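# sequence and predicted structure below; questions after.
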Amino acid sequence: MASDLEIRAKEAFIDDHFELAVDLYSQAISVNPKNAELFADRAQAHIKLGNFTEAVADTNRAIELDSSMSKAYLRKGMACMKLEEYQTAKAALESGVSLAPGETRFTNLMKECDEHIAEEAGELLKPPLEKVPENVSGKDVELVNEHSNQLTVAAPSKPKYRDEFYQKPEEVVVTIFAKKIPRDNVTVDFGEQILSVTIDIPGEDAYHFQPRLFGKIIPAKCRYDVLSTKIEIRLAKAEPIHWTSLEFSKENAVAQRVIVPSATANERPTYPSSKPKRVDWDKLESEVKKEEKDEKLDGDAALNKFFRDIYQDADEDMRRAMQKSFVESNGTVLSTNWKEVGSKKVEGSPPDGMEMKKWEI
């Protein structure tokens with residue numbers, strides 16, 4: 001039986017009062033957080049308001065609570081299409097049409113998705129745009145910097161958890177600093193160009209982090225870990241481009257074309273230096289590692305390097321075995337087998353022709 005809040009929310013939606021409907025659905029959800037219908041209906045109100053990332057998060061929650069709800073898949077598909085997430089939209093619509101075979105809206109939207117996907121594939125086959133001339137005017141550069149500064153302004157309301165990101169050529173790592181959060185209370189979903197994170201602790205307001213990402217990602221290769229002090233999310237880039245920010249906006253997309261030179265497919269990204277000459281830090285790091293590896297040492301130095309390399313590449317049990325055997329044997333035994341040394345004291349084993357001597361103080 002529908003609650004009074006749910007009935008009022010539906011009436012507000014029918015009267016085109018979508019913001020009021022979202023507010024009432026949110027109140028109803030706080031009372032009954034396991035009701036999939038409420039999330040699916042709030043998603044519909046979000047779509048009407050243009051809050052497409054919020055709509056995707058709500059439909060994901062509805063599907064998690066009730067995987068047989070066809071309208072949740074339909075609304076997820078609609079929201080993802082608005083975000084130009086056509087592959088994700090198609091996957092949701094395909095799941096939904098299997099639950100409602102006679103619903104023509106699924107087939108119509110899937111056809112539209114296929115057209116957009118084919119269009120995107122055609123765009124990728126087009127020759128690259130001409131490089132931006134090097135003599136870009138100072139006025140243009142100032143305009144880019146102005147947009148960049150606008151993007152770094154802090155939001156007026158302080159978020160519940162602090163977040164930050166850094167990137168490598170092949171991935172972006174997003175960190176949300178939330179301490180001692182049980183893994184069961186964290187939900188993370190990946191789309192083509194969307195990240196949805198929900199932290200739902202009983203008795204507290206749910207935390208939602210739903211940015212539309214600067215670039216496209218490969219959802220199947222993305223992963224996350226819930227640690228004691230943070231949630232670490234690794235986003236696999238679909239293209240090895242430099243992200244000027246975590247979130248997409250038309251302004252920083254334009255700025256990217258102006259200030260970043262195009263690179264060939266075989267060219268690795270380099271990092272800026274304060275020196276006049278650009279330094280490829282990746283190349284420098286690999287050369288240093290190669291020199292260390294090829295370094296020829298003699299005597300104790302070579303032996304120490306040998307043991308250090310073993311310890312560096314060992315797993316936790318091997319390291320424990322090495323430490324225990326070395327300490328208990330007074331430096332005469334070094335074992336990497338924890339099963340062998342873990343349950344007993346390791347006795348000293350002096351070299352041939354020598355004997356152990358116990359010193360008393």
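Good, I have the coordinates.
# and the longest helix seen in the chain, how far out from the chain's middle?
Longest helix in the chain by number of residues (criterion: DSSP state H): helix 104-125. Distance of helix 104-125 from its chain centroid, counting by CA atoms, centre = their mean, to the nearest Å, is 26 Å.
# who are the packing partners of that helix?
Judged by 3 or more CB pairs under 8 Å, 6 or more residues apart in numbering; DSSP states H and E, helix 104-125 is in contact with helix 70-82, helix 86-99. (Glycine included, C-beta is placed from N, CA and C.)
# in what helix or strand does the closest residue to Ile231 other than its chain neighbours lie?
Counting by CB to CB, 6 or more residues apart in numbering, Ile231 lies nearest to Ile176, which is 4.4 Å off, once chain neighbours are set aside. If you go by DSSP states H and E, Ile176 is part of strand 171-177.
# tell me the strands beside that strand, with direction?
Under the criterion DSSP bridges, strand 171-177 sits next to strand 162-167 (antiparallel), strand 231-236 (antiparallel) in its sheet.
# for it, give the mean pLDDT please.
Average pLDDT, strand 171-177: 93.
# next helix or strand past that strand?
Counting by DSSP H and E, the next helix or strand C-terminal to strand 171-177 is strand 186-190.
# returning to that earlier point: quickly compare the helices and strands packed on helix 104-125 and say which is most buried.
Ranked by mean neighbour count, these are led by helix 70-82 with a mean of 25 (mean count of other CB atoms under 10 Å).
# distance check, the residue nearest to Ile231 against Pro101.
For Ile176, the distance to Pro101 equals 40 Å [CB to CB, to the nearest Å].
# can you list contacts of stretch 216-230?
Applying CB atoms under 8 Å, 6 or more residues apart in numbering, the external contacts of stretch 216-230 come out as 88, 172, 175-183, 186, 188, 190-193, 195, 231-239.
# got it, and stretch 330-343?
Stretch 330-343 is touched from outside by 307, 310, 314, 317-318, 320-322, 324-326, 346-351, 356, with contacts defined as CB under 8 Å, 6+ apart.
# of Ile176 and Pro101, who's got more company?
Remark: of Ile176 and Pro101, Ile176 carries more neighbours, 24 against 9, as counted by other CB atoms under 10 Å.
# which strand residues bridge the more buried one?
Under DSSP bridges, the beta-bridge partners of Ile176 are Asp163, Ile231.
# the residue nearest to Ile231 reaches Ile233, doesn't it?
Yes. With contacts counted by CB atoms under 8 Å, Ile176 reaches Ile233, the gap being 7.4 Å.
# so what sits against both of the two?
Here Ile176 and Ile233 have Val197 as joint contacts, going by CB under 8 Å, 6+ apart.
# in the protein, which helix or strand is least confident?
helix 138-151 (a mean of 43; mean pLDDT, DSSP states H and E).
# and the angle from the longest helix of the chain to helix 86-99?
Taking axes from the mean of the first three to the mean of the last three CA atoms, to 10 degrees, one finds helix 104-125 and helix 86-99 inclined to each other by 160 degrees.
# buried ones in helix 104-125?
Phe106, Leu109, Met110, Glu112, Cys113, His116 (16 or more other CB atoms under 10 Å).
# what's the answer for stretch 311-319, then?
Judged by neighbour count (16+ other CB under 10 Å), stretch 311-319 contains these buried residues: Met318.
# stretch 53-64 too?
Buried residues in stretch 53-64 (16+ other CB under 10 Å): Thr53, Glu54, Ala55, Val56, Ala57, Asp58, Thr59, Asn60, Arg61, Ala62, Ile63.
# residues contacting it, please?
Contacts with stretch 53-64, where a contact means CB under 8 Å, 6+ apart, come from 36-37, 39-40, 42-44, 46-47, 69, 72-73, 75-76, 78-80, 83, 92, 187, 189, 191, 194, 196, 198, 208, 210-212.
# rewinding a little: could I get the buried residues of helix 104-125 as CSV with pLDDT?
What follows is the buried residues of helix 104-125, written out as CSV (pLDDT from 0 to 100):
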residue, pLDDT
Phe106, 90
Leu109, 91
Met110, 90
Glu112, 90
Cys113, 89
His116, 88
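# in the residues you listed, find the pair that's most separated.
Distance extremes for these: the farthest pair is Phe106 and His116 at 15.8 Å, using CB to CB.
# can you give me the end-to-end distance of stretch 178-198?
End-to-end distance for stretch 178-198: 12 Å, by CA to CA, to the nearest Å.
# appreciated, that's everything.
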